[in-house]
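Participant: Requesting a structural model of the entry that follows:
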Amino acid sequence: MKRLLGVLLVLASSAWAGVHVDDAGRRVEFAAPPQRVVTLAPNLTEFVYAVGAGATLVGTMDTSNYPDDAKRVERIGNYQRLDVERILSLKPDVVLVWQHGNQGRELGQLEAAGIRLFYVEPRRIDDVAASLVRIGALLGHEREGQQRAAAFREAISDLRSRYARASPVSVFFQVWSQPLMTLNGQHLTSDLMALCGGRNVFAALPALAPQISVESVVAADPDVFFTAREFDSVGATWRREPQAEAFRQWRDFRKLKAVSHGWMFSLPGDLVTRQGPRAVDGAKAFCAALDEVRRERR
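Facilitator: The predicted structure is shown next:
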């Protein structure tokens with residue numbers, strides 16, 4: 001019986017084995033589904049759990065806070081520094097890397113030690129569903145990945161249909177106040193706003209997260225200001241907060257439409273800026289806030 005079971009496992013691995021292509025265009029070969037996984041960003045952690053492979057996660061970043069089980073996984077570093085020795089001690093079969101968020105010599109050290117890296121970065125809404133499929137297939141949870149991707153696509157399709165004829169609302173998304181930073185149209189957050197009629201006034205800027213001037217915001221005079229509450233995972237909660245500390249520098253600019261009407265909102269950062277499977281909840285938060293603006297400006 002044991003011999004038969006061993007043969008079946010070998011056959012299953014052989015049937016699965018293949019080359020997987022990541023978002024950096026790299027071809028990574030695996031003989032069997034990875035059983036020990038390390039993630040280098042919280043959104044990647046969410047993908048692993050979303051496809052039903054949470055039990056394979058042996059190490060992750062200090063900011064991985066969802067789902068609750070992720071909080072109990074061993075920490076291997078932060079955005080400033082990765083603990084290469086600790087990662088190597090965990091003997092991962094694969095390390096999932098956020099393509100533009102994880103950079104530096106530590107990645108080279110991991111590859112030099114023979115660790116397989118697999119890069120993931122969904123920038124558009126449709127990329128999230130594709131990442132669910134890709135990670136599910138990589139980790140031997142192809143069916144779960146496809147099911148989660150189908151559910152994600154359906155939810156996004158419903159929102160697209162609902163807001164297809166919604167009147168546009170010009171939006172400034174403030175990433176940081178000092179220095180003043182925003183996101184361009186190539187970031188997933190901009191896609192989420194656009195889903196329900198939010199028009200990013202800085203969409204055309206070349207950098208993904210450009211630094212801008214106060215004068216450029218004044219010149220654009222957007223209808224709405226958005227900002228994210230860092231490490232907030234509380235549902236699809238949006239708050240109208242013109243007196244929030246993040247918006248302090250705008251209080252004297254009373255001629256701006258967003259300031260004069262109080263159309264200044266904060267949203268859960270984990271939902272609207274984290275490029276993961278809960279992005280649909282971030283879109284719903286944007287839509288709810290923009291709905292309030294449309295009701296008031298009639």
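
Participant: And the helices in this structure?
Facilitator: Here the chain has its helices, by DSSP state H, at 2-16, 42-50, 84-89, 105-112, 125-138, 142-162, 188-195, 214-220, 257-261, 269-272, 279-296.

Participant: distance of Asp62 from Thr56?
Facilitator: Asp62 sits 20 Å away from Thr56, going by C-beta to C-beta, to the nearest Å. All C-beta spots, glycine's among them, are computed from the backbone N, C-alpha and C.

Participant: meant to ask about Gly140
Facilitator: For Gly140, the distance to Thr56 (C-beta to C-beta) stands at 9 Å.

Participant: Next, show the common contact partners of those two.
Facilitator: Residues touching both Gly140 and Thr56 (C-beta atoms under 8 Å, 6 or more residues apart in numbering): Pro34.

Participant: what's near enough to touch Gln174?
Facilitator: 180-182, 225-227, 246-247.

Participant: go with 7 Å
Facilitator: Contacts of Gln174 were listed using C-beta atoms under 7 Å, 6 or more residues apart in numbering, and they are 182, 225-227, 246.

Participant: which of Asp62 and Thr56 has more neighbours?
Facilitator: Thr56 (19 against 11; other C-beta atoms under 10 Å).

Participant: Domain parsing of this protein, as residue ranges.
Facilitator: 16-151, 166-296 (automatic domain parsing).

Participant: Quick one: closest of these to Asp158.
Facilitator: Each of these has some distance to Asp158 by C-beta to C-beta; the shortest is domain 166-296, at 9.4 Å.

Participant: average pLDDT for that closest one?
Facilitator: For domain 166-296, the mean per-residue pLDDT is 94.

Participant: How about stretch 78-95?
Facilitator: 94.

Participant: Please identify the buried residues of that stretch?
Facilitator: Using 16 or more other C-beta atoms under 10 Å as the test for burial, stretch 78-95 gives 82, 84, 87, 92-95.

Participant: likewise stretch 146-160?
Facilitator: 146-149, 152-153, 156, 159.

Participant: can you redo those as a markdown table with distance to Leu132 and pLDDT?
Facilitator: Formatted as a markdown table, those follow (distance: C-beta to C-beta, whole Å; pLDDT from 0 to 100):
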| residue | distance to Leu132 | pLDDT |
| --- | --- | --- |
| Gln146 | 8 | 97 |
| Gln147 | 9 | 98 |
| Arg148 | 5 | 98 |
| Ala149 | 4 | 98 |
| Phe152 | 7 | 98 |
| Arg153 | 9 | 98 |
| Ile156 | 12 | 97 |
| Leu159 | 17 | 96 |
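
Participant: Closest one of the residues you listed to Ala289?
Facilitator: The closest of the buried residues of stretch 146-160 to Ala289 turns out to be Leu159 (C-beta to C-beta; 13.8 Å).

Participant: and that closest one, how far is that from Phe226?
Facilitator: Applying C-beta to C-beta, the value for Leu159 to Phe226 is 17 Å.

Participant: likewise Arg278?
Facilitator: Arg278 sits at a distance of 17 Å from Phe226 (criterion: C-beta to C-beta).

Participant: Looking at the two, which is more packed in?
Facilitator: Legend: neighbour count by other C-beta under 10 Å for Arg278 and Phe226, higher for Phe226 (28 against 21).

Participant: pretty sure the more buried one is touching Val169, no?
Facilitator: No. Taking contacts as C-beta atoms under 7 Å, Phe226 lies outside contact range of Val169: 10.6 Å.

Participant: was I right about Ile156 contacting Ala279?
Facilitator: No. Using C-beta under 7 Å, Ile156 is not in contact with Ala279; the gap is 8.6 Å.

Participant: what touches both of those two?
Facilitator: Contacts common to Ile156 and Ala279, judged by C-beta under 7 Å, 6+ apart, are Ile125.

Participant: Extract the C-alpha trace of stretch 89-102 and format it as PDB.
Facilitator: Below are the C-alpha coordinates for stretch 89-102, written out as PDB (Å, rounded to 0.1, in the frame of the first residue of the first chain):
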ATOM      1  CA  SER A  89      17.300  28.700   7.600                       C
ATOM      2  CA  LEU A  90      13.600  28.200   6.600                       C
ATOM      3  CA  LYS A  91      14.700  26.300   3.500                       C
ATOM      4  CA  PRO A  92      11.900  27.700   1.200                       C
ATOM      5  CA  ASP A  93      11.100  26.000  -2.000                       C
ATOM      6  CA  VAL A  94      10.100  29.400  -3.400                       C
ATOM      7  CA  VAL A  95      10.200  33.100  -2.300                       C
ATOM      8  CA  LEU A  96       7.400  35.200  -3.800                       C
ATOM      9  CA  VAL A  97       8.800  38.700  -4.500                       C
ATOM     10  CA  TRP A  98       6.900  42.000  -5.100                       C
ATOM     11  CA  GLN A  99       8.600  43.100  -8.300                       C
ATOM     12  CA  HIS A 100       9.000  46.800  -7.700                       C
ATOM     13  CA  GLY A 101       8.700  46.700  -3.900                       C
ATOM     14  CA  ASN A 102      11.600  44.400  -3.100                       C
END
